[in-house]
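*Asks:* Output the structure for:
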Amino acid sequence: MTYRALYRVWRSQSFADLVGQEHVTRTLKNALKEKRFSHAYLFSGPRGTGKTSTAKIFAKAVNCLEGPAPEPCNRCEPCRRIAEGSLMDVVEIDAASNRGVDEIRDLRDKVKFAPTEVRYKVYIVDEVHMLTTEAFNALLKTLEEPPDHVIFILATTEPHKLPQTIRSRCQHFPFHRISFREIVRHLRRICDAQSVEVDEAALATIARAADGGMRDALSLLDQVLAYADGRVEESTVLAVTGFTSRSTLAELWKGLAEGDAQTVLDRVDGLIREGTEPQRLIDDMIDSGRDLLLLRTAPNLPDLRDRIGGDESWERLADRFSPGMLNRMLEVLIQAAQKMKWTPHARVVLEMAVVELCHPAAAEQAAAREMARAEAAPPTEALGERIRLLERKIKELEKAAFHPGSASGGAAAPPSERPAPSSGRQPAGEGKSFRDIDPKRTEEVRRHWPEVLARVKEQKITVHAWLIDGEPVAATQDAVIVAFKNSIHRETTEKESHKSLIEKVMAEVLGSPLRLITVMRDEWQEFGDQPSGGREEESAPSPSKKEGSAEGEDMVRQAVEIFGKDLVEITD
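*Replies:* Numbers count the residues shown, from 1 in each chain. Take a look at the predicted model:
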């Protein structure tokens, strides 16, 4: 007989065999016992949690020669043939490869025919969310009023993608991730039945890697058994999966607690030389950092106790960190993991994160100093008054520059000599944005702008094609000002759907909601520069101009104090 994978050999054959889904099995068994089962079911949940297995068990239970019964006998011919997949009245359909309206119309035509060998014709549609909209529409009527001899069981990992009209016609059973303890217990039972010697630490590592999916756990166990020579140990599982051992992670966190960057970086270098991927290592550090945080804040969580396996060294290690410190360290690791997706230099990102994590006390002191500076800063009202005074002076200087005659009692300049008004429209709220410009925020936006463009391109390449013409020229705490060379690019970017997409991406990248304000580049330069119209025509400065010059120097000095040298441009 040919070899069969463990997950196929150990597929649940009865409701009693299902692991971790008691809320589903109990309801279905009661419905079968009372003969009150529905014509359509929707099974949803993560991969490897038993959705298809439950569907097959249900098909056996309704068609068993001793039933319909709460449990199939697994001895009669219908039960055996359904388990083998050879009964033509129980049809499994992969919606990912049969997603069109033609396939569903064909199914709709076939459901009219009575079953040939058993009581009920059962259709199991896997990954049903992959069906097209037209296919869903073709299925609606049949799903609502199927023939008495037909039962539909729809399975999906993404129930939110199903139309509400489909969901409302089915009884919905959400399948849960299988707990760490239940996976370890089931793996132990299989290893004992297979006469395989395996360490508890090895089973725990497999359960962590499975992430709540029993099929993943069995597939990984199968792979480990093929690799191992005799007894299965934790090192065997780590070699197959590429995961980092708990003892190594404890060493890394101990080095971080001591601020010993040299030791931690040496250990990281050794792991990478052994073949550990930087992304895998940082994911394991985030996972173990979560355990430390929970040990400090919620130490009695059952799943947490199972994960650390009663290892008191992790509890002692957790006591070396405050919850706030662990929060900040996890933020650094998560940000580094995100950066790794957008750079080919994953190792450098990891090492930078390690260096930053090795000085948590310094980070806290820096945060405290920043808070103290903020408290010692001049009150907002006083700063606002200074800004308003500066704006009044700017307006007075503009008036003196554009209408020199009015300042000395002379006639106003002829219309031909006056500067023409700008034909471009001013951005909404630009005055407020100018007052609130934050140099640090502007630099942060410019630094992350390539990532914003990349994410916009991923979501909608046409929006990226228009946005790439723009350049972020300034930013406040709640807005980003982008200057465009081409008016068509600006106007297209201003479309509501395009603008909302860009604002959503900026919020994801920069971590807070931001409005997009667009301007033309020449408008922005005119807005930021001081006007100089009419000065070249007069060789000798008038008294009013001398006063304006003195006021201008004072205004420039105040502007530099308030906005910083980077945002002030002086033109003669």
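*Asks:* For L87, which three-state class applies?
*Replies:* Three-state assignment for L87 (DSSP: H, G, I helix; E, B strand; the rest coil): coil.
*Asks:* leaving aside the residues next to it on the chain, what's closest to it?
*Replies:* R81 (4.1 Å; Cβ to Cβ, 6 or more residues apart in numbering). All C-beta atoms are positioned from the backbone trio N, CA, C, and that covers glycine.
*Asks:* how near is that neighbour to E103?
*Replies:* 24 Å (Cβ to Cβ, to the nearest Å).
*Asks:* before we move on, the earlier item: tell me if I'm right that the residue nearest to L87 and D89 touch.
*Replies:* No. Counting by Cβ atoms under 8 Å, R81 sits too far from D89 to count as a contact (9.5 Å).
*Asks:* More neighbours: the two, which one.
*Replies:* D89 (22 against 18; other Cβ atoms under 10 Å).
*Asks:* which other residues reach stretch 173-188?
*Replies:* 19-21, 23-24, 27-28, 41-46, 49-51, 54, 159, 198, 200, 203-204, 206-208, 210-214, 217-218, 221, 302-303, 306-307 (Cβ atoms under 8 Å, 6 or more residues apart in numbering).
*Asks:* Can you flag which of the residues you listed belong to helices?
*Replies:* Secondary structure from DSSP state H places 23-24, 27-28, 51, 54, 200, 203-204, 206-208, 210, 214, 217-218, 221, 302-303, 306-307 of the contacts of stretch 173-188 in helices.
*Asks:* show me the contacts for the closest residue to A114 other than its chain neighbours.
*Replies:* Leaving aside its chain neighbours, A114 sits nearest to H149 (5.5 Å; criterion: Cβ to Cβ, 6+ apart). Neighbour list for H149: 114-115, 119-121 [criterion: Cβ under 8 Å, 6+ apart].
*Asks:* Show me what the residue nearest to K499 when sequence neighbours are not counted is bridged to.
*Replies:* Spatially, and ignoring its direct neighbours in sequence, K499 is nearest to L516 (5.5 Å; Cβ to Cβ, 6+ apart). In this entry, L516 is beta-bridged to V480, by DSSP bridges.
*Asks:* for L516, what are its contacts?
*Replies:* Neighbours of L516 in contact, by Cβ under 8 Å, 6+ apart: 479-480, 482, 493, 499, 502-503, 506.
*Asks:* before we move on, what about C191?
*Replies:* Residues in contact with C191 (Cβ under 8 Å, 6+ apart) are 197-198, 203, 221, 232.
*Asks:* Most neighbours among those, which one is it?
*Replies:* Most neighbours among those, by other Cβ under 10 Å: L221, with 28 neighbours.
*Asks:* tell me the pLDDT at it?
*Replies:* Listed pLDDT for L221 reads 91.
*Asks:* any idea how far it is from T241?
*Replies:* Counting by Cβ to Cβ, the gap from L221 to T241 is 11 Å.
*Asks:* Run a quick neighbour tally on the residue lying closest to D222 once chain neighbours are set aside.
*Replies:* Leaving aside its sequence neighbours, D222 sits nearest to L6 (Cβ to Cβ, 6+ apart; 4.4 Å). L6 sits with 20 neighbouring residues when counted by other Cβ under 10 Å.
*Asks:* dump the residue contacts of L6.
*Replies:* Per Cβ under 8 Å, 6+ apart, neighbours of L6: 190, 218-219, 221-222, 225.
*Asks:* If you rank the residues you listed by neighbours, which is first?
*Replies:* L221 (28 neighbours).
*Asks:* And the helices in the stretch 1-150 of the chain, which stretches?
*Replies:* 6-9, 22-33, 51-63, 77-84, 101-110, 133-144 (DSSP state H, counting those that start in this stretch).
*Asks:* For the ones you listed, could you give me CSV that also reports mean pLDDT and distance to A474?
*Replies:* As requested, the helices of the stretch 1-150 of the chain are exported to CSV (pLDDT from 0 to 100; distance: least, Cβ to Cβ, whole Å):
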stretch, mean pLDDT, distance to A474
helix 6-9, 87, 57
helix 22-33, 92, 55
helix 51-63, 93, 52
helix 77-84, 91, 67
helix 101-110, 87, 51
helix 133-144, 87, 44
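*Asks:* Looking at those, which one is packed in the most?
*Replies:* Sort these by mean neighbour count, taking mean count of other Cβ atoms under 10 Å, and helix 51-63 sits at the top with a mean of 24.
*Asks:* Point out the other elements, helices or strands, that that one touches.
*Replies:* helix 22-33, strand 40-44, helix 77-84, strand 90-94, strand 121-126, strand 150-156 (3 or more Cβ pairs under 8 Å, 6 or more residues apart in numbering; DSSP states H and E).
*Asks:* Which elements pack onto the longest one?
*Replies:* It refers to helix 22-33. Looks like helix 22-33 contacts helix 51-63, strand 171-174 (3+ Cβ pairs under 8 Å, 6+ apart).
*Asks:* now the first one against helix 22-33, angle please.
*Replies:* I take that to be helix 51-63. If you take axes from the mean of the first three to the mean of the last three Cα atoms, to 10 degrees, helix 51-63 sits at 20 degrees to helix 22-33.
*Asks:* Go ahead and report the secondary structure state at the nearest residue to W342 once chain neighbours are set aside.
*Replies:* Leaving out its chain neighbours, the residue that sits closest to W342 by Cβ to Cβ, 6+ apart is E451, at 5.9 Å. Here E451 takes the helix state, with states given by three-state DSSP.
*Asks:* shouldn't E451 be in contact with E508?
*Replies:* No. Taking contacts as Cβ under 8 Å, E451 lies outside contact range of E508: 9.5 Å.
*Asks:* Tell me which of these two has more neighbours.
*Replies:* Ranked by neighbour count (other Cβ under 10 Å), E451 and E508 place E451 first, with 19 against 12.
*Asks:* Tell me the pLDDT of the more buried one.
*Replies:* 88.
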